[in-house]
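> Make a model of this:
(6 chains)
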There are 4 protein chains.
Amino acid sequence: MDQTSPHPDEPGPPAKEFAGGDSRTRILDAAEELFAGGGYAATPTSLIAKLAKVPKGLLFHYFPRKIDVLVALVDERTLVEEGREVEAVPGDAARTLSRLARRLPLRASPAMRRILFREADTHGSVRERLGRLNGELIGRSRFALELALPGARGDRARLEVAAATFAAVLLYQENLCQLTGHQIDADAVADLIAHSLA
Amino acid sequence: MDQTSPHPDEPGPPAKEFAGGDSRTRILDAAEELFAGGGYAATPTSLIAKLAKVPKGLLFHYFPRKIDVLVALVDERTLVEEGREVEAVPGDAARTLSRLARRLPLRASPAMRRILFREADTHGSVRERLGRLNGELIGRSRFALELALPGARGDRARLEVAAATFAAVLLYQENLCQLTGHQIDADAVADLIAHSLA
Amino acid sequence: MDQTSPHPDEPGPPAKEFAGGDSRTRILDAAEELFAGGGYAATPTSLIAKLAKVPKGLLFHYFPRKIDVLVALVDERTLVEEGREVEAVPGDAARTLSRLARRLPLRASPAMRRILFREADTHGSVRERLGRLNGELIGRSRFALELALPGARGDRARLEVAAATFAAVLLYQENLCQLTGHQIDADAVADLIAHSLA
Amino acid sequence: MDQTSPHPDEPGPPAKEFAGGDSRTRILDAAEELFAGGGYAATPTSLIAKLAKVPKGLLFHYFPRKIDVLVALVDERTLVEEGREVEAVPGDAARTLSRLARRLPLRASPAMRRILFREADTHGSVRERLGRLNGELIGRSRFALELALPGARGDRARLEVAAATFAAVLLYQENLCQLTGHQIDADAVADLIAHSLA
DNA sequence: TATGAATGAGCGTTCATTCAT
DNA sequence: AATGAATGAACGCTCATTCAT
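Reported below is the predicted structural model:
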């Protein structure tokens, strides 16, 4: 959970955070934690309820089927920002890409990020969100490079490949690094790609 | 799956492939298909037994616990080739990497490849194998580039980044492409990287 | 169900049929439809509330227990007419019974009739109502035959049997015909019975 | 359970009645009793298992879904005898029908008979069986009357009505009598019908 | 009267695993 | 090695009912 997700302990007006709404939030909080930790299939609804400190039946009041919890999580707690302006540094592809890497168009907690990759295989709505993120990453990389290197120096195809490569590296960083234990330095990759386009 | 996929280069007589041994193989065949399709957690042992056409009890004779099936699958049906020679094309980093992409150091059926990525989150032995693949990809890429570009032209660090990037793209190609629907052309990436090292 | 079915002969102003009272009626309407369709046990109160478009809690305001809905339905929407005069055609037992068949002493919608037979096994109040209907049918048949055939031609016992037979056929027609798909023509049976008493 | 159903305590060769088969029988025994008593919908599988003294899971080993228990019961423990010869008493329709009433073409325990009527509303396979019984009763009654009264005295239509009436009375006797508390004497009805055909 | 969140026992079902043969 | 009945804990889910507002 990052600064954008609805947390009851967040500062600001605590309005409407009592009564019914609270339980639903606590259920999602618990599910987020557990799905990220053990995976959707291996997490029993009873455990979600226990962690959320709500009776089991209430979970199904808000989410008629278990899968609805996951869908709600993805719907409400991940946001792929689309079409935002890219901050390009004219003439400097490397720094432009670096900035991009620092501000991924994904508003989601670390837990939600894990869920996004973990459950993409199994559940369409999650896969769709991941696909959207991928597309956005490619689009932004392409756009950023176009801005940084306005002269069509290097044909478009090469620029496209560069964008796809950078997107691949960013997703790799988000996902596989944790699994494989191999780190990758996005800044260095940005530099590499910039060189190749020079 | 079939006799051609797992270890085509394995020497030795194919003995013991009749009678009893057959059941074990059929169990693994079935599990491979089902784990790839629906995931380990969502596949009941009873379904494996049914698809393998063996009685349920026999499955537990060969694999006392369900997880042992997955472990056996990874142990016996994936092989990360280590330290093999890389076919480098001296002076041509692009073609060298392309060759690498064409012959991944992973001997495994498409189904086993899916399993490798799918279950890496949950099961240590799978994760270890995936990590090994990642390491091998990086190592080979590095080695290939060293061979192709013997002059330490471009510092080592840059070469390291290039290797890691290429490895990331290859894994992305193996895994995320299916999920996100975005293809990536490894040859073009090879070309890109070669340029950046020129 | 609608304003014509339950008690078309009930006198009195139709007052109180707005506002709050409406909810109660809609609940009973919904329950009638659902109990007839799927049976009492298989119909959740939540579904009744949904079909009635009332909140779940309100249902329990009017009917503290689920069974009360069924009891109210039977109480308020079935009426076994007792002791009404039978229109006999003197000397013509066949036509007399035919008339009886055409005007059963049961004021209830088709749905309520199904409920009456369906739930008789399980719930005493329903069984009692069905028993009452049966008794009334026998009584009327007996009385009709006595009127039609005033000379005690044929002993009383035979007349009693004829009445019971006709009642059985009428109930069979109401209930089993739908289940078994075999129709029976009450007029023809009336004719048959009249012959046997001649 | 009547003399035809498979009971372990039945005399005769006790072969194959050990091991697994016993549990299945005990489950059906328990279900028969409970379904007859409280109805299918109101009988939890856990109660069946408890009464049968088997673990709950075993019930689902033999009957994957609850409804399969009911279907098996109807399939294996009711038999509508079809096409058997009718013992007619030539010239005596009354006694012929009486004999028919005494030997219904239904082999089933009293409990199964209740189930047949109780659950006919809800479950197709039960309804089919009941419909078959109804058809057989009509067919036999017709055939018996044809045999007893070979001269086409009384047109065929009348004979058909007589058959249907008698069948209706027999089913009424089996089912509704218990619910309504009104008895009907099949012999007397047979007599009545015979008179009407004379 | 009206509302829907809350509650928890219980349901049908699944499933990994054991075991006697 | 082979078999499938047996076991019981746990699962996702349902549901009548309660309750605070």
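
> Who is the most centrally placed residue in chain A paired with across the strands?
Central residue check for chain A by C-alpha atoms, centre = their mean: the C-alpha nearest the mean position is that of residue A:106, 4.2 Å away. Assessed by DSSP bridges, residue A:106 has beta-bridge partners residue A:80.

> Check which element follows the lowest-mean-pLDDT helix or strand in chain A along the chain.
None of the helices or strands of chain A scores lower by mean pLDDT, DSSP states H and E than helix A:176-180, at a mean of 87. Using DSSP states H and E, the helix or strand that follows helix A:176-180 towards the C-terminus is helix A:186-197.

> and the longest helix belonging to chain A, which residues are buried?
Taking DSSP state H as the assignment, the helix of chain A that covers the most residues is helix A:124-148. Applying a neighbour-count criterion of 16 or more other C-beta atoms under 10 Å in any protein chain shown, one finds A:125-127, A:129-148 buried in helix A:124-148. C-beta here means a position set from N, CA and C on the backbone, and glycine is covered the same way.

> returning to what we had before: work out the gap between the least confident helix or strand of chain A and the centre of the chain.
Here the centre of helix A:176-180 is set off from its chain's centre by 16 Å, with C-alpha atoms, centre = their mean, to the nearest Å.

> The residue nearest to the centre of chain A and residue A:133 touch, don't they?
Yes: Residue A:106 lies in contact with residue A:133 (C-beta atoms under 8 Å); the separation is 5.6 Å.

> between those two, what contacts are shared?
residue A:80 (C-beta atoms under 8 Å, 6 or more residues apart in numbering or on different chains).

> Break chain A down into its structural domains.
The record, using automatic domain parsing to delimit domains, assigns chain A the ranges A:19-77, A:79-197.

> From one end of the last one to the other, what's the distance?
So the one you mean is domain A:79-197. As for domain A:79-197, its first-to-last residue distance stands at 31 Å under the measure C-alpha to C-alpha, to the nearest Å.

> what about that domain, near DNA strand F?
No: using C-beta under 7 Å from any atom of the strand as the criterion, no contacts between domain A:79-197 and DNA strand F are found, and the smallest distance is 13.1 Å.

> Now for the nearest residue to residue A:138 once chain neighbours are set aside, which secondary structure element holds it?
For residue A:138, ignoring the flanking residues on the chain, the nearest one in space by C-beta to C-beta, 6 or more residues apart in numbering or on different chains is residue A:167 at 4.5 Å. Secondary structure here is read from DSSP H and E; on that basis residue A:167 sits in helix A:156-174.

> average model confidence for that helix?
Per-residue pLDDT over helix A:156-174 has a mean of 95.

> Low-confidence stretches in chain A?
Low-confidence regions of chain A, defined by pLDDT under 70, span residues A:1-21, A:152-154.

> How about residues contacting stretch A:187-198?
Where contact means C-beta under 8 Å, 6+ apart, the residues beyond stretch A:187-198 that reach it are A:92-98, A:100-101, A:145, A:149, A:153-154, A:158-159, A:162, A:165-166, A:169, B:157-158, B:161-162, B:164-165, B:192-193, B:195-196.

> Now the buried members of those.
Buried by 16+ other C-beta under 10 Å: A:93-98, A:100-101, A:145, A:149, A:154, A:158-159, A:162, A:165-166, A:169, B:158, B:161-162, B:164-165, B:192-193, B:195-196, out of the contacts of stretch A:187-198.

> Any chance you could list what contacts stretch A:66-78?
Taking C-beta under 8 Å, 6+ apart as the rule, stretch A:66-78 contacts A:1, A:5-6, A:27-28, A:31-32, A:35, A:40, A:45, A:48, A:59, A:63, A:106-109, A:112, A:115-116, A:119, A:123, A:125-126, A:129.
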